[in-house]
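1. What follows is a predicted structure for the sequence shown.
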Amino acid sequence: GTLPSELGVLTSLTSINLGHNQLTGTLPSELGALSRLSLMYLFLNKLTGILPSELGTLTSLAYMSFGGNQLTGTVPSLLGALTNLTGMDLRYNKLSGTLPSELGTLPRLVSLELFDNKLTGTLPSWLGALTPLGYMDLHDNQLIGTLPSELGVLTSLTSINLGHNQLTGTLPSELGALSRLSLMYLFLNKLTGILPSELGTLTSLAYMSFGGNQLTGTVPSLLGALTNLTGMDLRYNKLSGTLPSEL
């Protein structure tokens, strides 16, 4: 069945978890009246329609999950008003359009999961403003353009997955500043240029995947400094030269 609009009168509600059911229909705009709500978990249902802009009034919200549904439309710009939000999970939907710049004003965001949608446009430079961000996953979308050098200021980042998009251009050397990064997944894009030697400074890195791109040049000897690396995926590129003994 559907989510009853009467939920909107539960103004004392701080947490709602209706995940892993078979709920259908749209998200009622009345949910925007739940001013004390800090957790909204509706993962893995069969919800359709758009994300109502009224969700942007839930200023107490710390975590939202609408992943694993069939939501369409764009990501509302008014979600940028959720200044207490630490986690946004919109994965496994059919969301389209570009990422609104207003999301760059979320001062506490730690986890951003938007993978497996139909998002378009470029990877925005304002992502660099999300300085607390530790987990970013935007794989399996239709993102284009280059990797912004501003990603290098996200020094809290431990995992970044931008695979299965249409990203172009070179790997910015600023990625070498991500000292806490343990996973970097950029498989199946259209990246060109060389593997920057600055990647050798990512001593926390456990897994890297740059496979399925158009990278050229040699494998940098400085990758031998990645003492925590358990997996290196550089397949399906145009790399040349010999394998450095440092590996």
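-> Good, I have the coordinates.
2. Could you pull out the buried residues of stretch 202-215?
-> With burial defined by 16 or more other C-beta atoms under 10 Å, the residues of stretch 202-215 counted as buried are 202, 204, 205, 206, 207, 208, 209, 210, 211, 212, 213, 215. All C-beta spots, glycine's among them, are computed from the backbone N, C-alpha and C.
3. Tell me which stretches of the protein form strands.
-> Secondary structure of the chain by DSSP state E: the strands cover 15-17, 39-41, 63-65, 87-89, 96-97, 111-113, 118-119, 135-137, 144-145, 159-161, 166-167, 183-185, 207-209, 231-233.
4. closest one to residue 197 among those strands?
-> Comparing the strands of the chain by their distance to residue 197 (C-beta to C-beta), the top pick is strand 207-209, with 13.9 Å.
5. from the middle of its chain, how far away would the closest one be?
-> Distance of strand 207-209 from its chain centroid, counting by C-alpha atoms, centre = their mean, to the nearest Å, is 16 Å.
6. Are there helices or strands packed against that strand, and which ones?
-> strand 183-185, strand 231-233 (3 or more C-beta pairs under 8 Å, 6 or more residues apart in numbering; DSSP states H and E).
7. Adjacent strands (with direction) for the first one?
-> For strand 183-185, the paired strands and their directions (DSSP bridges) read strand 159-161 (parallel), strand 207-209 (parallel).
8. ditto for the last one
-> With DSSP bridges as the criterion, the sheet partners recorded for strand 231-233 are strand 207-209 (parallel).
9. outside of the strand it pairs with, which residues touch it?
-> The set of residues external to strand 207-209 that reach it, using C-beta atoms under 8 Å, 6 or more residues apart in numbering, is 163, 182-187, 199, 202, 226, 229-233.
10. same question, stretch 1-11
-> Counting by C-beta under 8 Å, 6+ apart, the neighbours of stretch 1-11 from elsewhere in the structure are 13, 16, 18, 23-36, 47.
11. buried stuff in that stretch?
-> Across stretch 1-11, burial judged by 16+ other C-beta under 10 Å covers 3, 8.
12. what separates that stretch from the chain centre, distance-wise?
-> Distance, centroid of stretch 1-11 to centroid of chain: 29 Å (C-alpha atoms, centre = their mean).
13. Then stretch 137-153?
-> Using C-alpha atoms, centre = their mean, the distance between the centre of stretch 137-153 and that of its chain works out at 9 Å.
14. buried sites along that stretch?
-> Of the residues in stretch 137-153, 137, 138, 139, 140, 141, 143, 147, 148, 150, 151, 152, 153 count as buried by neighbour count, 16+ other C-beta under 10 Å.
15. now swap in stretch 154-169 and tell me
-> Judged by neighbour count (16+ other C-beta under 10 Å), stretch 154-169 contains these buried residues: 154, 156-165, 167-168.
16. surely residue 237 meets residue 219?
-> No - taking C-beta atoms under 8 Å as the definition, residue 237 is not a contact partner of residue 219, at 9.9 Å.
17. sorry, back to before: could you redo the buried residues of stretch 154-169 as JSON lines and give each row pLDDT and distance to residue 109?
-> Converted to JSON lines, the buried residues of stretch 154-169 look like this (pLDDT from 0 to 100; distance: C-beta to C-beta, whole Å):
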{"residue": "154", "pLDDT": "98", "distance to residue 109": "11"}
{"residue": "156", "pLDDT": "98", "distance to residue 109": "11"}
{"residue": "157", "pLDDT": "98", "distance to residue 109": "12"}
{"residue": "158", "pLDDT": "98", "distance to residue 109": "14"}
{"residue": "159", "pLDDT": "98", "distance to residue 109": "14"}
{"residue": "160", "pLDDT": "98", "distance to residue 109": "14"}
{"residue": "161", "pLDDT": "98", "distance to residue 109": "16"}
{"residue": "162", "pLDDT": "98", "distance to residue 109": "17"}
{"residue": "163", "pLDDT": "98", "distance to residue 109": "21"}
{"residue": "164", "pLDDT": "98", "distance to residue 109": "23"}
{"residue": "165", "pLDDT": "98", "distance to residue 109": "20"}
{"residue": "167", "pLDDT": "98", "distance to residue 109": "22"}
{"residue": "168", "pLDDT": "98", "distance to residue 109": "26"}
